[in-house]
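J.: Coordinates for the following, if possible.
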Amino acid sequence: MAARALVSAILFVTCLAPPDVDAASPARSFIATAYCLKGETGSGSRTRPGIVAADPRVLPTGTRVRVLTARGGRTYTVEDRGVKGRHIDIFMPSCAAARKFGRQTVQVRVLNPTVRR
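T.: Numbering: from 1, shown residues only. Reported below is the predicted structural model:
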C-alpha cells in the first residue's frame, strides 16, 4: 500500500514538473535588431534590460523567449510592440551597444507557450 502511494506521488510530481524547453518549443528564425530609446513600452512598463518588442500576432505580450545568437543566448520577455512578422527588437540601455548589435538572424524559442493570444 505504501509503495502504491509512493508511485502515485512520484507520478503526480512528474506531471507538475516544467516541460523540457527543447522538446516543447522548437527554435524559429527571427530577424533581431536592438533599440535604446528609454520610456514606456507598449504594455505600459518602463524600458529596461531583458525586454523585447515583437509583433503581438507572432509573440504575444508577456511571452518569455530564449534568444540564441552567435555569441550565446539570453531570456527575454515580450513587453513592447512596433515590429512586424518574425522580427524582434531587443532593448539595450546603451545606444552604442544597440548599434554594435546591428541586425542579425537569431533563433527564438518560446518558453511559456500558454500565454494568451
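J.: check which helix or strand covers the most centrally placed residue in the chain.
T.: Nearest to the mean C-alpha position of the chain, counting by CA atoms, centre = their mean, stands residue 65 at 1.4 Å. Assessed by DSSP states H and E, residue 65 sits inside strand 64-69.
J.: same deal with residue 99?
T.: Per DSSP H and E: helix 95-101 holds residue 99.
J.: The strand holding residue 65: partners in the sheet, and parallel or antiparallel?
T.: Strand pairing for strand 64-69, determined by DSSP bridges: strand 72-80 (antiparallel), strand 104-110 (antiparallel).
J.: Surely residue 73 and residue 32 touch.
T.: No. Using CB atoms under 8 Å, residue 73 is not in contact with residue 32; the gap is 11.9 Å. The C-beta positions use only the backbone N, C-alpha and C, and glycine is treated the same way.
J.: what residues are shared contacts of these two?
T.: residue 67 (CB atoms under 8 Å, 6 or more residues apart in numbering).
J.: So which of those two has more stuff around it?
T.: Legend: neighbour count by other CB atoms under 10 Å for residue 73 and residue 32, higher for residue 32 (22 against 13).
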